[in-house]
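*Asks:* Here you go, sequence then predicted model.
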Amino acid sequence: MSTPTANLGAGHATVQMLLDRLHQRIGAAGLAAAAVIPGLSARVDQHAAEVRDLLGVRGRRPTLAALASYADGLLDGATDRGWQAPQHDLASWVGADGVTVRLMALCALARSAMA
């Protein structure tokens, strides 16, 4: 995600673009895989709870802007350390690393917030 976090105040369209890009890159395939890989769904749920705690919204839905900002920062740091998104085959999701699972959780939270 190349849009700087500071630009998230630019409006809903920027936030939506960031979250849509994340969903295309990680969320769609990752959450589908979590539905069939034992334990992966639980890991996603655990990360979602941690994100809600980190964002200070325990028991509530985080805003889309907060999720996009968090995702942008996480992706920037992970990419700087050499992280790459998994391939979109089921085997790639079995041993998903913590960054990948956290991004999947962000996608799940965004989907929930838009419902």
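*Replies:* That came through fine. Numbering: from 1, shown residues only.
*Asks:* Give me the below-cutoff pLDDT ranges for the chain.
*Replies:* Low-confidence segments of the chain, defined by pLDDT under 70: 1-10.
*Asks:* Which stretches in it count as helices?
*Replies:* Counting by DSSP state H, the chain has helices at residues 12-22, 28-34, 40-54, 64-80, 90-94, 98-114.
*Asks:* Tabulate the ones you listed (CSV), appending mean neighbour count.
*Replies:* Heads up, the C-betas are built off the backbone N, CA and C, glycines and all. Shown next, in CSV, are the helices of the chain (neighbours: other CB atoms under 10 Å):
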stretch, mean neighbour count
helix 12-22, 17
helix 28-34, 19
helix 40-54, 16
helix 64-80, 18
helix 90-94, 15
helix 98-114, 21
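*Asks:* Give me the distance between the closest residue in space to Arg58 that isn't next to it in sequence and Gly98.
*Replies:* Of all residues not flanking Arg58 in the chain, Arg52 sits nearest, at 5.6 Å (CB to CB, 6 or more residues apart in numbering). Plainly put, Arg52 is 17 Å away from Gly98 if you go by CB to CB, to the nearest Å.
*Asks:* Kindly report the same for Ala28.
*Replies:* To Gly98, Ala28 is 20 Å away according to CB to CB.
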